[in-house]
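K.L.:
With the input below, show me the fold.
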Amino acid sequence: MPLTINLKPGEKLIVNGVVLQNAHHAARLVVHNEAALLREKDIITEEAATTPARRIYFTVQCLYLFPGKSALYLPIIHRFLGEFSEAAPSALPLLHKIEQELAADQLYAALRTAKQLIVKEQEILNGATGTEIREDARAG
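P.N.:
Numbers count the residues shown, from 1 in each chain. Next up is the predicted model:
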């Protein structure tokens with residue numbers, strides 16, 4: 001089933017690692033085959049990957065867009081997931097889900113779950129001091 005993407009003027013889209021930008025008017029694209037694509041609103045740049053969850057998202061994003069580089073990105077992702085689980089055990093269900101999706105080669109699903117992890121991270125940071133987060137990590 002084809003995927004229809006509506007782009008606003010100037011909006012960017014990454015397709016299989018290639019950055020495309022809509023030049024002028026609103027555009028509607030129809031994708032007829034399987035491709036790794038991300039809309040501008042779902043892209044995190046390396047400079048914007050400033051928190052642990054955002055670094056996980058960014059690295060999963062890189063793996064999704066450049067699957068031939070899994071030997072580079074997978075070890076980094078797993079290290080980041082392990083570090084996050086030690087610091088915030090309350091996020092374990094999301095972290096395990098990301099691991100399962102990666103193992104099943106469901107990279108876009110892992111990306112969506114990593115986006116949920118960013119929300120969870122913000123909830124943790126809004127509701128706990130750094131001391132409480134570290135104490136949770138020791139208790140787990």
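K.L.:
Report the contact partners of the closest residue to R55 other than its chain neighbours.
P.N.:
Computed as CB to CB, 6 or more residues apart in numbering, the closest residue to R55 that is not its neighbour in sequence is A49, at 4.7 Å. Any C-beta I mention is one placed from the backbone N, CA and C, and that applies to glycine too. Counting by CB atoms under 8 Å, 6 or more residues apart in numbering, A49 makes contact with 55, 57-58.
K.L.:
per-residue pLDDT, the residue positioned nearest the centre of the chain?
P.N.:
The chain has Y57 as the residue nearest its centroid, 2.8 Å off, counting by CA atoms, centre = their mean. On the pLDDT scale, Y57 is placed at 98.
K.L.:
OK, contacts around it?
P.N.:
44, 49, 111, 114-115, 117-118.
K.L.:
Let's see that with 10 Å instead.
P.N.:
42-44, 48-49, 51, 80, 98, 110-118, 121 (CB atoms under 10 Å, 6 or more residues apart in numbering).
K.L.:
Now intersect the residues you listed with the helices, please.
P.N.:
80, 98, 110-118, 121 (DSSP state H).
K.L.:
How far does stretch 2-22 stretch from one end to the other?
P.N.:
End-to-end distance for stretch 2-22: 20 Å, by CA to CA, to the nearest Å.
K.L.:
which residues touch that stretch?
P.N.:
Residues external to stretch 2-22 that are found in contact with it (CB under 10 Å, 6+ apart): 23-43, 61-62, 64-69.
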